[in-house]
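> Sequence below, structure please.
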Amino acid sequence: MTTLWQSEGTGPAIHVLVIGVGRYDHFNGGNKHQARPGTLAKGLGQLTAPPASAYEVCVTLLKELRDVPDRALGSIEAVISAEDPQFPPGFADLFPDAGDEVGTKAELEDVQEAFERWYERCDSDRDNVALFYFCGHGLQLGAYGDHALLLQDTLSSRFASFQNSIDVHGTVQNMQGNRASIQCFFLDACRSSQDVDATLQSLKSTALGPRLHISHDPEQLVVYSTSVGAPAHGRAGESTLFTRSFLKALFSPEHRRDGQGWQVTTTSIGTAIDQLMQWPGLRHHDMPEQQCVTSSTNVRGGVLLRFANRPQVSFHFDTAPTGALATAAWSLADLRGNQVASRMPGPEPWIDSGPAGEGDLHVAFADGPYSTTSQQVWLQPPCFHHTVQVDAS
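Next comes the predicted model:
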């Protein structure tokens, strides 16, 4: 059973399919791995970041979307595999009906069954939002060639090596026959072909969904975690930078000047993810640079989420020189003088959040040669980074 959660409500909803693959039976370190001649994915092995990322997506979306007015969470379908299939702390409490398969298997058959259930739910209402998330190994042949998302039983067939993997283009195309008017695909996987035989012309992977000769003209947004030919990075056992950026972006609305308030749309979320991936509050300083890429079909700015109140904006404040941080006491106030956030001196940058809009930043130094300073800042979603230049007294 991979239906982690399903609402009892009716009407338009957000339906989510989460796939996280960390266990690869036929890759290096897998229990069915066999050394074979050639170079078909021979450099690929086991992963720990995808299961952690997939679990975080499930937990965050349930907590944040379950009671959202207008268009709340409708369901979460999950297929996750890990070498050590242990639920993270608190997961079983949130999802008491999670079956034994969650965390153990993510083969093509499992994904196809979950996709079918997700597809049917998405297809139930024109105003539904279909949200597809994948984290694991990926391969792409050149700039315009086949792109596949690799599953647990990829390479199980010697003569159809990538049959048990997901054909990205074909799956997105098949979803055009689904009635959900907004469809978003967030793909956290490599797009390089360095581990594939250079003579390979096609991956011949499997497109999910029915091959219908109809289209409901949906808005389709595909957000890739990295550019063509580049790897995607993750730290062992932690959720990836792309995943954390995606989850923050989903709740980082832009302000509409037409009186529609704060909204996350198909035209805003991809840009927000990219900005967050470069923001020092999320990106570890020792991580290689990684830039997400968006692709869209018929995107018209459809609304994923609406927010009645101005959002909190994550900020990252530091000083130049950095040595001044150790004695800097910070405070942030709104224009009425009400303090909204503060921090005592510490050696690290100040990472916190405050309400979107203009505010007054005050930095006082306990001792040393630096002068106290106050500056106006403008916090704008999805994130804010500001370096305070300080002078010696």
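
> Tell me, how many residues neighbour residue 314?
Residues lying near residue 314 (other C-beta atoms under 10 Å) number 21. Any C-beta I mention is one placed from the backbone N, CA and C, and that applies to glycine too.

> pretty sure it belongs to a strand, no?
Yes - when DSSP: H, G, I helix; E, B strand; the rest coil is applied, residue 314 is found to be in a strand.

> In contact with it, which residues?
Neighbouring residues of residue 314 by C-beta atoms under 8 Å, 6 or more residues apart in numbering: 248, 279, 281, 351, 352, 353, 382, 383, 384.

> And for residue 234?
With C-beta under 8 Å, 6+ apart, residue 234 has these contacts: 47, 49, 50, 53, 240, 241.

> what do you get if the cut-off is 10 Å, keeping everything else the same?
By C-beta atoms under 10 Å, 6 or more residues apart in numbering, the residues touching residue 234 are 47-50, 52-53, 135, 188, 225, 240-243, 287, 290.

> Same check on residue 135?
Residue 135 makes contact with 18-22, 47, 49-54, 56-57, 80, 149, 186-189, 225, 232, 234, 239-240, 242-243, 246 under the criterion C-beta under 10 Å, 6+ apart.

> Distance check, it against residue 208.
Separation of residue 135 from residue 208 (C-beta to C-beta, to the nearest Å) stands at 16 Å.

> What of residue 64?
According to C-beta to C-beta, residue 64 stands 27 Å off from residue 208.

> of the two, who's got more company?
Counted by other C-beta under 10 Å, residue 64 and residue 208 do not tie: residue 208 has more neighbours, with 24 against 14.

> So the more buried one is in contact with residue 115, correct?
Yes - Residue 208 is within contact range of residue 115, at 4.6 Å (criterion: C-beta atoms under 10 Å).

> out of the contacts of residue 314, who's nearest residue 221?
residue 382 (16.1 Å; C-beta to C-beta).

> And residue 377, how far from residue 174?
Distance, residue 377 to residue 174, by C-beta to C-beta: 46 Å.

> what sits against residue 327?
Contact analysis of residue 327 by C-beta under 10 Å, 6+ apart lists 319, 345, 346, 347, 363, 364, 365, 366, 367, 368, 369, 370.

> picking that back up, inside strands: which ones of the contacts of residue 135?
18, 19, 20, 21, 80, 149, 186, 187, 188 (DSSP state E).

> and which of the residues you listed is nearest residue 309?
Nearest member of these to residue 309, counting by C-beta to C-beta, is residue 186, at 25.7 Å.

> Tell me how many other residues surround that closest one.
Neighbours of residue 186 under the rule other C-beta under 10 Å: 27.

> shouldn't it be in contact with residue 273?
Yes - at 8.1 Å, residue 186 counts as touching residue 273 under the criterion of C-beta under 10 Å.

> Find residues that contact each of those two.
The contact sets of residue 186 and residue 273 overlap at 223, 225, 242, 243, 245, 246, 247, 249, 250, 292 (C-beta under 10 Å, 6+ apart).
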